[in-house]
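Enquirer: Could you work out the structure for the sequence below:
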Amino acid sequence: MQEAFIADHHRLQGEVKMANNGNQTLHNHLVAVKEGKRCFENAFQGVSRMILESDIEKITVKGKTTYTFQIFNTGAKHIIGMYDEINSFVSFVKDAAENGSSKEMAFVLVGEPGNGKTFFVDFLCSKYRQFLSRDKNRKYTFRFNNLDKLNGYGKISSVESQTFEDPMILAMNIFDDLQESKNYLAEKIGFTDQEIEVLYENYRPLGACSGYIWNSIRNYAGGNTEKMLDLIDITQVPLTESLGTVTGKYPAKDKITSSAVDLHGEESIQRLLHITDTNNPYRFDLRRGALARVAGGGIHFSDEIFKNKKDLVQVYLGVIQNRNIEIDGFKWPIDTLIIATSNNSEFNRFLAEKEEAPIVDRCRICYVSHNTDYKLQEDLTSYAIGSDTKTTLNKESLHKDPNLNYSASVAVVLSRLPNSEKLTAIETMKLAAGEVAGEKSIKTLSEVIDTLNHDPDITKRFGQKGLGQRNLGRAVQLLIESSETNEGRCMFAYDIFKTLERVILDYVTDANDRVKFLEDLKTAKGMYRERVMTEMFNAYMDEPLAIRKDVMNYVNMIIGIDAENLGPDKMWKYKDPQSGELQAMRIDERYIKSIEERLGLKTQEKRETFRTSIRKIYGQKISVDSNYDFMDNLELIKAVTDVRLKSDIAGAGSLIGALANRTNEENQKLYDRMIDTMLTKLNYCKTCAQKTIEYFCTQEDGQ
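Expert: Residues are numbered from 1 along each chain as shown. Prediction:
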């Protein structure tokens, strides 16, 4: 009675287990694939589908049309920029998914340290794990049970596929004859001939140990298929990142401790104690290596691949092309997307060894440049500064100067832009960010980039050299630890230039690079001064967007100056494209002329040419962005600022004098009012407000 109760209890437990784990038999799994509830695809098809299922947007970057994929723009800390690199990767994966030559290659990202190569791969792996966590996309493998009933396995009762082979691979190899297996799928499951043809495009034989065990089961069952399948159940492939399954990383180790075992696996002493047949390939423990854990439709990430010693690179040579793990003549086919990274110096050293050419031949090399768009860099700089509330060493709240991000972003981006005879550093920077750079067009930038990208020396190409994200992070760390920052409880923007200079002197080894970067730092300081001039004007006018309004007033005046409906009182009515409301404006020709004189436009012909260019830019930009406001035109902003300050208080020099010399009551009131505006409307704190005014009043940086 008790035995019957125990047996019944075990049966019920088995049914609960079956219910909890979903469809566990091979037959049920195949039916789920047939009905579209589960999918069977290789690693390339999975990654390609994941990317292309998200929204795709066509954009123009540096004068060329490219695509941005929404999947890489999601999440709190997502990928910024890297448009060319991502497009190359998507094209590579898509080609491999469509059985192109990329299927037998690895994708290798080569570039300077700190430009986002490893971050990109880690981000991709994270997204892939999320993608596979959805029920339809989950990866499954199979397990052989009750092996202790077979002779030769000792106390080993169950064995899971070592390379996480898909159950469909087992179904394709269920009989020795492929045609018999196809007939089984058609008759027992109901797959059509066309569906079977599609499935067999991803055909690969069973791995050595799976094939050996399946053969042992066939002998044990006397060829009875149903009896053989009773010893099989289907399990989910674990997605836990720390297990290294589905997405695994192999970092380059030192020359003594690393060996092919880290990738392939090795003979297991524990298994040899149980296995009687020394020819049984299950004696090799493949999970000891990094490749087997990602072999079932996963991503293998080899960090700094060319830092590995030669015998490991030779292992990759075989794995990349043949997609097999080979030990002692045994083969385990793998289904893996292989991505690797390398820095320029290691890659160049590797190329210099001519005998290693075959490995490079099997790689799709993608040269990763630094980000050269200073607007996108502001997001990357936010990553470096950190989003959490900063505190001083005394645990007091640490304020961020509203100009800090801009100053740091401009400084690092300028260091990444190569010198050119056709464009100045500032013109290159503005054009790279899609902004207006005087009379210079985006076509000029495209020509400069094309010329530089034809240089066989990779480091001389556009954006390949410069201060990376890690250098920026060091500069921010130095800024936070400085006594001035802790005493004033504020990260003052001008101080970032001092810390960047320290980073250049300490971490940039090439003398020519150091000289260039220090020059770029001077240019960045000049741009910071222009920014401060604008901020001072806004503070003086007690209006956060005062300069923007005055710039747009000038633009609207030169548009309306030739209007037919302009009366003798010079009043012009127009519909504002930004608000859609009817506006009235008095056209002040003296104001227009003063601004154009500040821009160095002395003759009427030059003025008309400039006005035409402004109208043309406005016409082009307003159709795309109704809020376009010319705040990227630094020359125009400077001219408007100078004119307004001059007309209001007889010159910027007088404002400097008034702020610097606060001995009389009127000057003190002006100073107090500007400080109050900066605190309440412009996001300054007392420390950075005072320091910014102090900097405005000095003539540093040769300005």
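
Enquirer: Now do the strands in the stretch 351-500 of the chain.
Expert: In the stretch 351-500 of the chain, strands defined by DSSP state E, counting those that start in this stretch lie at 363-368, 399-400, 490-491, listed in chain order.

Enquirer: dump the residue contacts of the nearest residue to Thr163 once chain neighbours are set aside.
Expert: Counting by C-beta to C-beta, 6 or more residues apart in numbering, the nearest residue to Thr163 once its immediate chain neighbours are dropped is Ala295, at 3.7 Å. To be clear about C-beta, it is placed using only N, CA and C from the backbone, and glycine gets the same treatment. Ala295 is in contact with 163-165, 325, 332, 334-336, counting by C-beta atoms under 8 Å, 6 or more residues apart in numbering.

Enquirer: State the pLDDT value of the nearest residue to Ile385 once chain neighbours are set aside.
Expert: Spatial nearest neighbour of Ile385, chain neighbours left out: Val476 (5.6 Å); criterion: C-beta to C-beta, 6+ apart. According to the predicted model, the pLDDT of Val476 comes to 93.

Enquirer: Provide a list of residues in contact with the residue nearest to the spatial centre of the chain.
Expert: Within the chain, the residue whose C-alpha comes closest to the C-alpha centroid is Ile79; the distance, by C-alpha atoms, centre = their mean, is 2.8 Å. Contact partners of Ile79, counting by C-beta under 8 Å, 6+ apart, are 72-73, 86, 116, 119-120, 123.

Enquirer: Return a PyMOL selection command for the buried portion of those.
Expert: Here is the PyMOL command that selects the buried residues among the contacts of Ile79 (16 or more other C-beta atoms under 10 Å):
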select buried, resi 72+86+116+119+120+123
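
Enquirer: thinking again about what came up before, ok, now how distant is the residue nearest to Thr163 from Thr523?
Expert: From Ala295 over to Thr523 the distance is 51 Å, taken as C-beta to C-beta, to the nearest Å.

Enquirer: now swap in His29 and tell me
Expert: Looking at His29 against Thr523, where the rule is C-beta to C-beta, the gap reads 63 Å.

Enquirer: In terms of packing, which of those two has more residues around it?
Expert: Taking other C-beta atoms under 10 Å, His29 and Thr523 do not tie; His29 has more neighbours (26 against 19).

Enquirer: isn't that one right next to Arg138, touching?
Expert: No - assessed by C-beta atoms under 8 Å, His29 is found out of contact with Arg138, at 10.9 Å.

Enquirer: Report the set of residues contacting both of these two.
Expert: Among the neighbours of His29, those also in contact with Arg138 (C-beta under 8 Å, 6+ apart) are Arg38.

Enquirer: related to what we said a few turns ago, show the contacting residues for the residue nearest to Ile385.
Expert: In this structure, Val476 makes contact with 384-385, 408, 496, 499, judged by C-beta under 8 Å, 6+ apart.

Enquirer: Where does Ile217 sit, in terms of helix or strand?
Expert: Taking DSSP states H and E as the criterion, Ile217 maps to helix 208-221.

Enquirer: May I have the next helix or strand after that helix as CSV, with CA atoms only?
Expert: Once the chain leaves helix 208-221, the next helix or strand it forms, by DSSP H and E, is helix 225-230. This file holds the C-alpha atoms of helix 225-230, laid out as CSV (Å, rounded to 0.1, in the frame of the first residue of the first chain):
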residue,chain,number,x,y,z
THR,A,225,12.6,5.1,-32.2
GLU,A,226,9.9,5.6,-29.6
LYS,A,227,12.0,3.8,-27.0
MET,A,228,15.0,5.9,-27.9
LEU,A,229,13.0,9.1,-27.5
ASP,A,230,11.8,8.1,-24.1
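
Enquirer: name the element Lys331 belongs to?
Expert: Assessed by DSSP H and E, Lys331 sits inside strand 330-333.

Enquirer: what are the pairing partners of that strand, and which direction each?
Expert: Here the strand partners of strand 330-333, with direction, are listed using DSSP bridges: strand 324-327 (antiparallel).

Enquirer: Isn't Asp148 up against Tyr220?
Expert: No - because the distance of 11.6 Å does not satisfy C-beta under 8 Å, Asp148 is recorded as not touching Tyr220.

Enquirer: Same drill for the two, tell me which one is more crowded.
Expert: Between Asp148 and Tyr220, counting by other C-beta under 10 Å, Tyr220 is the more crowded of the two (17 against 13).

Enquirer: I'd say the more buried one and Lys149 touch.
Expert: Yes - under the criterion of C-beta under 8 Å, Tyr220 makes contact with Lys149 at 7.2 Å.

Enquirer: Show me the one of the strands of the stretch 351-500 of the chain that comes nearest Thr509.
Expert: For those, distance to Thr509 was read as C-beta to C-beta. The smallest value, 20.4 Å, belongs to strand 363-368.

Enquirer: Just the C-alphas of the closest one, formatted as PDB.
Expert: Only the C-alpha atoms of strand 363-368 are listed here, as PDB (Å, rounded to 0.1, in the frame of the first residue of the first chain):
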ATOM      1  CA  CYS A 363      38.200  38.500 -40.000                       C
ATOM      2  CA  ARG A 364      36.000  41.400 -41.000                       C
ATOM      3  CA  ILE A 365      38.000  44.300 -39.700                       C
ATOM      4  CA  CYS A 366      36.000  47.400 -38.600                       C
ATOM      5  CA  TYR A 367      38.100  50.400 -37.600                       C
ATOM      6  CA  VAL A 368      36.300  52.200 -34.800                       C
END
